[in-house]
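J.: sequence and predicted structure are below.
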Amino acid sequence: MTVNSVAAVRRLVLEGKGIHLGPLWVFADDIESGRLVRLLPDRPLRSFPVHAVYPARSYLPVKVKEFIRLLSEELGSQTI
């Protein structure tokens, strides 16, 4: 099955439709609460793609630039 939504993947996993190798932050609350069990904890996910998509134009709002900078900084510093 292929979906392009983290929310959809999380819902499918919670409904018992399968397992998923994905970013821990998506499932952290569910694992902590016991709703999900982490499989293969000795095999951490090393990376995952994140894309910032915005319309091409000559003016890019400062808040968009700052969001992209913060996102890049935060995700670049995580060890998953």
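T.: Perfect, thanks for sending it.
J.: what average pLDDT does the lengthiest helix in the chain get?
T.: For the chain, the helix that runs over the most residues, judged by DSSP state H, is helix 62-77. Confidence for helix 62-77, expressed as mean pLDDT, is 87.
J.: same check, this time on stretch 3-18
T.: 92.
J.: alpha carbons only: can I get it in PDB?
T.: The C-alpha atoms that make up stretch 3-18 are tabulated as PDB, following Å, rounded to 0.1, in the frame of the first residue of the first chain:
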ATOM      1  CA  VAL A   3       0.100   6.700   0.800                       C
ATOM      2  CA  ASN A   4       1.600  10.100   0.800                       C
ATOM      3  CA  SER A   5       0.300  11.300   4.200                       C
ATOM      4  CA  VAL A   6       2.000  10.700   7.500                       C
ATOM      5  CA  ALA A   7      -1.400  11.000   9.200                       C
ATOM      6  CA  ALA A   8      -2.800   8.200   6.900                       C
ATOM      7  CA  VAL A   9       0.200   6.000   7.600                       C
ATOM      8  CA  ARG A  10      -0.200   6.500  11.400                       C
ATOM      9  CA  ARG A  11      -4.000   5.700  11.200                       C
ATOM     10  CA  LEU A  12      -3.300   2.500   9.200                       C
ATOM     11  CA  VAL A  13      -0.700   1.300  11.600                       C
ATOM     12  CA  LEU A  14      -3.000   2.100  14.600                       C
ATOM     13  CA  GLU A  15      -5.800   0.100  12.900                       C
ATOM     14  CA  GLY A  16      -3.500  -2.900  12.600                       C
ATOM     15  CA  LYS A  17      -3.200  -2.800   8.800                       C
ATOM     16  CA  GLY A  18       0.500  -3.200   8.900                       C
END
